[in-house]
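Chemist: need a structure here:
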Amino acid sequence: MNRYLRLELILGTRVVSAEGRRVGRIEEVRAGKHQEIVEFLVGEPALLSRLSALGLFPHKKTGYRIRWDQLDWSDWKRPKLTCPVSELERL
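Modeler: Numbers count the residues shown, from 1 in each chain. Model prediction:
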């Protein structure tokens with residue numbers, strides 16, 4: 001089994017909760033010191049952060065910081081949370 005995901009294929013992918021509710025889309029991926037993925041930023045604030053380093057865009061919706069181990073990647077086209085949304089860090 002291939003252990004690698006191509007980032008361009010997962011950016012924009014919709015993340016759902018364990019109950020199947022929409023959490024948001026993956027907008028940004030953060031890596032650690034050794035280039036391993038450590039977290040994903042999901043939601044409108046993550047997109048605005050990626051598009052504008054100046055923070056000129058107002059945002060109304062909530063985004064989340066999701067650690068790698070908080071996602072089930074058994075179907076990489078449909079990542080699913082392995083924890084309740086309430087355990088995610090808000091952006």
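
Chemist: got the phi/psi numbers for the residue nearest to Tyr64 when sequence neighbours are not counted?
Modeler: Nearest non-adjacent residue to Tyr64, counting by CB to CB, 6 or more residues apart in numbering: Leu88, 4.2 Å away. For glycine as for every other residue, the C-beta is placed from the backbone atoms N, C-alpha and C. With angles defined as degrees, to the nearest 10, Leu88 sits at phi -80, psi 150.

Chemist: list the contacts for Leu88?
Modeler: Val23, Tyr64, Arg65, Ile66, Gln70, Leu81 (CB atoms under 8 Å, 6 or more residues apart in numbering).

Chemist: Neighbours of the third one, how many?
Modeler: Summarising burial for Arg65: neighbours were counted as other CB atoms under 10 Å, giving 18.

Chemist: swap in the last one?
Modeler: As a burial measure, the neighbour count of Leu81 was computed by other CB under 10 Å and equals 21.

Chemist: what separates it from Glu8, distance-wise?
Modeler: Going from Leu81 to Glu8 by CB to CB, to the nearest Å gives 22 Å.

Chemist: quick revisit: now the contacts of Leu88 as JSON lines including secondary structure, distance to Val42 and pLDDT?
Modeler: Shown next, in JSON lines, are the contacts of Leu88 (DSSP: H, G, I helix; E, B strand; the rest coil; distance: CB to CB, whole Å; pLDDT from 0 to 100):
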{"residue": "Val23", "secondary structure": "strand", "distance to Val42": "6", "pLDDT": "93"}
{"residue": "Tyr64", "secondary structure": "strand", "distance to Val42": "5", "pLDDT": "91"}
{"residue": "Arg65", "secondary structure": "strand", "distance to Val42": "8", "pLDDT": "92"}
{"residue": "Ile66", "secondary structure": "strand", "distance to Val42": "6", "pLDDT": "95"}
{"residue": "Gln70", "secondary structure": "helix", "distance to Val42": "11", "pLDDT": "96"}
{"residue": "Leu81", "secondary structure": "strand", "distance to Val42": "10", "pLDDT": "96"}
